[in-house]
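J.: Model the following, please.
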Amino acid sequence: MTSQASSDVENPSHTSLIEADHGYVPLLDANLPSQAQENGQQPSKSLLLLISGLLATSVVVALIVGNIHIHTHEKDVQLPERMDPVEQGVSDKSFRLPANVSSFSWDTDMLDWQAPAFHFYPGENWMNDPNGPVFYKGWYHLFYQYSPEAAVWGPIVWGHAVSRDMVHWRHLPIAMERDEWYDVNGVWTGSTTILPNNKLVVLYTGSTNESVQVQNLAYPANPSDPLLVNWVKDPANPVLVPPSWIDIKDFRDPTTAWLTPEGKWRMVIGSKVNRTGIALLYDTDDFKSYELQDGWLHDVAGTGMWECVDFYPVSKDDFGLDTGTFGPGVKHVLKASMDDDRCDYYALGDYDLREGKWVPDDRAIDVGIGLRYDYGIYYASKTFYDQHKKRRILWSWIKETDSEKTDIKKGWASLMALPRTVALDPKTGSNLLQWPIEELDKIRSNLKEFNNVKLEPGSLEPLSVGPTSQLDVMIEIEVDKKVVSGLKVGSKVPYNCAHHGGAGVRDALGPFGLLVLANKNLTEYTPTYFYIAKDKHGDLSTFFCIDQSKSSIAKDVDKSIYGSTVPILEDEKLSMRILVDHSIVEGYAQGGRTCITSRVYPTEAINDDAQIFLFNNATNVTVIASLKVWQMGLKTKNESGWVWLGPSLILLVVFGFVLWMWQNQKRNNGI
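T.: Numbering: from 1, shown residues only. Below is the predicted model:
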């Protein structure tokens, strides 16, 4: 199929413009002569003014279209007729608030503030799962589930954006529409595979006119186009249908394929049998005919439907490995998104290349019952191998946790977590490390440092750092280990971030950390913190948490408290990295051993009214904190000014030229 180009992107064959970092602009046809030239007449004053006005307007529009989203807000927003994703055969996508929760009076300023600056989001309408991320001919491509009709889940197509650095993005036309019987009810999640000849193939799940989940094949219409604007669906589609013993709505989300020793391509599809989640394994020679392997890659009883399965290698010796890498020292990660609780679980294990079986290192923390990528809002994640920088990159969908009515009012819903590198922790060997990509460091500015800040029990310390809606904060915290080890009283009830009352509950060894998006009166704030728990046997556990219970005075938003334990090795200081980008807060503890993503919707702690504080609510221990705080986004006001200096100079030149032509014409007429 082909997609119509928008005003953002046209003429993909003009390679001289492809090198620009922000896509390319349509060229005017220089071969069409004007009527004045044909008649041998000089242009009139009115015509010159009209042309110059059109040119000036076109320049401004071309510069701002796609970069500034102008929101419209209606007083009484009506919910569109929404499709039920569960009835359609996928997980519920919306956050469900209790029926008796009252709506908050969100104004334009509050809603506009929620749009992120350096996280990817659709700009308008609805977005969910990342699809088929890939690096191709100098560009990073992100496809994603997109509903072009409204800011709620609906008829899904593939949105598409490209970037040089995964920080600055250019939206492209829709890559794949739901225009065939085999995907008319949705072009759902899929993956990209790079073939040895550097050609791309995409496998994606289509929901047919009878709501059967089938797998379909697509590829670029023009492989020489590095922006991959147009895509073709194979006439053989669907290339794979559910086995007879699988429910027709439990067969979706094919993985990136890899080569077997026999020279066949192998990929995984998520499914379930009764309440057992399974990963089906298929081999193919040509991506059109498939052979189901005996048994399946892995299964875990009681975990339900496995969506968005991912399978890839990691190693202590290499930062990133291609999907088809096998051998000594290589572990394999099996990850699945659980339809039951909408969380992403992973486990490390060994893959038998010839038998096609994967065995977890520890069955007690198997897929769906153990480790998670992220202990906050994080779902439908997908990795890809970045052959450009030899690393594995992790993407994930972050849903809204406010009301659908509010999302429709602001005009968009959902965003992507920051792209993260993912690798095996070389120190523990038993978990992954996730960390924001290095390219994000380039948009840091205005560093503020605070060294050895002493926080006595019960203390609160404001930090003067300037605007706080877009921050990157690195914190190291030292705790007096003698006090910790000398504490004889341990809790009889195991600590749990979600059920222990949050950051306001004071105990002997916590909580302590950072308040972000806080107003000066502390009617709104979001704590990110550590808590050291000592059980009745004297054993210590360190927890990393984000508390949303005080993040907003609005009632129609999520107020959950997220978190989990984080491994702390001998002689390690406690460390966290917190990235704030308006309505999204991402936290990384101990170099990314434990991660938490949170959506918050403050009403007062926004724009210039947002601040940050250090705090220590422990009762028995003093902590020493050292911080580095960067602003994120435009580096200086001058850089922002240059954005408009270019158009201003162009306008001056255009009108100067018009004025010169007019004066020249007057002079000629006077002779």
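J.: list the contacts for residue 91?
T.: 85, 305, 307, 337, 339, 342, 379 (Cβ atoms under 8 Å, 6 or more residues apart in numbering). For every residue, glycine as well, the C-beta is placed using N, CA and C.
J.: Out of the residues you listed, which sit inside strands?
T.: Among the contacts of residue 91, the members falling in strands (DSSP state E) are 307, 337, 379.
J.: Verify the contact between the last one and residue 342 for me.
T.: Yes: counting by Cβ atoms under 8 Å, residue 379 sits close enough to residue 342 to count as a contact (5.1 Å).
J.: more crowded one of the two?
T.: residue 379 (25 against 17; other Cβ atoms under 10 Å).
J.: Mind pulling the model confidence for the more buried one?
T.: In the prediction, the pLDDT value recorded for residue 379 is 98.
J.: quick one, what contacts it?
T.: By Cβ under 8 Å, 6+ apart, the contact list for residue 379 reads 91, 308, 337, 342, 343, 344, 396, 397, 398, 399.
J.: mind running it again at 6 Å?
T.: With Cβ atoms under 6 Å, 6 or more residues apart in numbering as the criterion, the residues that contact residue 379 are 337, 342, 344, 397.
J.: Compare these and tell me which is most surrounded.
T.: Neighbour counts for the contacts of residue 379 were taken using other Cβ under 10 Å; the highest belongs to residue 337, with 29 neighbours.
J.: which ones are touching residue 258?
T.: Residues near residue 258 by Cβ under 6 Å, 6+ apart: 266, 323, 324.
J.: and those, which are buried?
T.: Among these, those scoring as buried are 266, 323, 324 (criterion: 16 or more other Cβ atoms under 10 Å).
J.: hang on, isn't the last one packed against residue 259?
T.: Yes: using Cβ atoms under 6 Å, residue 324 makes contact with residue 259 at a distance of 5.1 Å.
J.: Which residue lies closest in space to the spatially most central residue of the chain, excluding its sequence neighbours?
T.: Here the mean C-alpha position of the chain is nearest to the C-alpha of residue 416 (Cα atoms, centre = their mean), at a distance of 1.8 Å. Take residue 416 and drop its neighbours on the chain: the residue closest to it by Cβ to Cβ, 6 or more residues apart in numbering is residue 120, 4.3 Å away.
J.: give me phi/psi at residue 409?
T.: Main-chain dihedrals, residue 409, degrees, to the nearest 10: phi -70, psi -40.
J.: Now do the same for it: its pLDDT.
T.: 95.
J.: Please apply the same query to residue 447.
T.: The score at residue 447 is 97. That number is its pLDDT.
J.: Can you give me every residue that contacts it?
T.: With Cβ under 6 Å, 6+ apart as the criterion, the residues that contact residue 447 are residue 630.
J.: Can you tell me the SS state at it?
T.: State at residue 447, reduced to three classes by DSSP: H, G, I helix; E, B strand; the rest coil: strand.
J.: What distance do you get for it to residue 474?
T.: Distance check for residue 447 against residue 474: by Cβ to Cβ, to the nearest Å, it reads 10 Å.
J.: can you give me the helices in the protein?
T.: For the chain, applying DSSP state H gives helices covering 15-18, 35-39, 45-64, 85-88, 108-113, 404-410, 481-486, 637-670.
J.: what does the average pLDDT come to for the last one?
T.: This predicted structure assigns helix 637-670 an average pLDDT of 51.
J.: In PDB, list the C-alpha atoms belonging to stretch 187-194.
T.: Taking C-alpha atoms only, stretch 187-194 is exported to PDB below (Å, rounded to 0.1, in the frame of the first residue of the first chain):
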ATOM      1  CA  VAL A 187      -3.300  -2.800  12.300                       C
ATOM      2  CA  TRP A 188      -1.900  -4.000  15.700                       C
ATOM      3  CA  THR A 189       1.500  -4.600  17.200                       C
ATOM      4  CA  GLY A 190       4.400  -6.000  15.200                       C
ATOM      5  CA  SER A 191       8.200  -6.100  14.700                       C
ATOM      6  CA  THR A 192      10.800  -5.300  12.100                       C
ATOM      7  CA  THR A 193      13.500  -7.700  11.000                       C
ATOM      8  CA  ILE A 194      16.600  -6.700   9.100                       C
END
